[in-house]
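Asks: Take a look and give me a structure for this.
(one chain, ligands or ions: 2)
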Amino acid sequence: MRDENCVFCKIIEGKIPSNTIYEDEEFKVILDISPASKGHALLLPKEHYADIYEIDEELLGRAMKLAKKLAIHMTEVLGCDGFNILQNNHEVAGQTVFHFHMHLIPRYQNAKNDDILMWNHESFTAEEFAEIRDALKL
Ligand code: AMP
Ligand code: ZN
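Replies: Ligands and ions are numbered 1, 2, ... in the order given. Here you go, the predicted structure:
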C-alpha cells in the first residue's frame with residue numbers, strides 16, 4: 001500500500017534518495033533531512049499509514065521494538081546522553097508528512113539546541129482535572 005504523492009513512499013521506493021541506516025522487509029530508517037540533533041532519524045513503516053489512528057497495531061508494536069533496538073545502537077555509536085522518541089499526528093500536532101513515522105532523537109548534554117521539546121504549561125483547577133480524568137477513563 002503506497003500513496004503516490006507521499007514523500008516517504010517515494011523514499012521507500014528509492015525514487016527520492018535518503019541516508020538509510022536500517023532496512024528490513026517492513027521498515028526503513030533514514031536520517032532526518034532537517035535534524036534536531038546529530039543522528040536524528042525517522043523510522044518509517046514501508047506500508048503507507050497516515051498516522052497513529054490508521055496504523056495496524058501489530059505493526060506499531062514491531063515499530064516500537066525496533067525503536068528500542070535503534071535507541072540502544074544509536075546511543076552506543078553516537079555517545080549521546082539521552083534519547084527522545086516522538087511521533088506527531090495531524091497538522092495541529094506538528095505533523096508535516098502524512099505517512100506514519102517515529103522520530104528518533106539523540107540528546108546531548110550541553111547541546112546548543114537543548115530546548116527541542118520544551119512547551120509552555122497549561123493549568124487546570126482540581127475540578128477541571130477531575131472532569132478530564134472522568135471523561136478519559138477507559
Ligand atoms: P513530522 O513533522 O513529524 O511530520 O516530521 C516530518 C519530518 O520529515 C521532518 O523532521 C522533516 O525534516 C523530515 N523530512 C521531510 N522530507 C524529508 C526527506 N526527503 N528526507 C528526510 N527527512 C525528511
Ligand atoms: Zn507514504
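
Asks: Centroid-nearest residue for this protein?
Replies: M102 (1.9 Å; CA atoms, centre = their mean).

Asks: Who does it form a beta bridge with?
Replies: Bridge pairing for M102 (DSSP bridges) gives the partners L43.

Asks: List the residues that contact it.
Replies: L42, L43, A63, A67, I85, L86, Q87 (CB atoms under 8 Å, 6 or more residues apart in numbering). Where C-beta positions appear, they are placed from N, C-alpha and C, glycine not excepted.

Asks: residues near K38, how many?
Replies: By other CB atoms under 10 Å, 13 other residues sit near K38.

Asks: residue contacts, it?
Replies: L78, C80, P106, Y108.

Asks: quick check, the third one in a strand?
Replies: Yes: the assignment for P106 (DSSP: H, G, I helix; E, B strand; the rest coil) places it in a strand.

Asks: Once you drop chain neighbours, what's closest to it?
Replies: Of all residues not flanking P106 in the chain, C80 sits nearest, at 3.6 Å (CB to CB, 6 or more residues apart in numbering).

Asks: Wasn't D134 part of a helix?
Replies: Yes: per three-state DSSP, D134 lies within a helix segment.

Asks: Burial check on it, number of neighbours?
Replies: With other CB under 10 Å as criterion, D134 counts 8.

Asks: I am finished for the moment; much appreciated.
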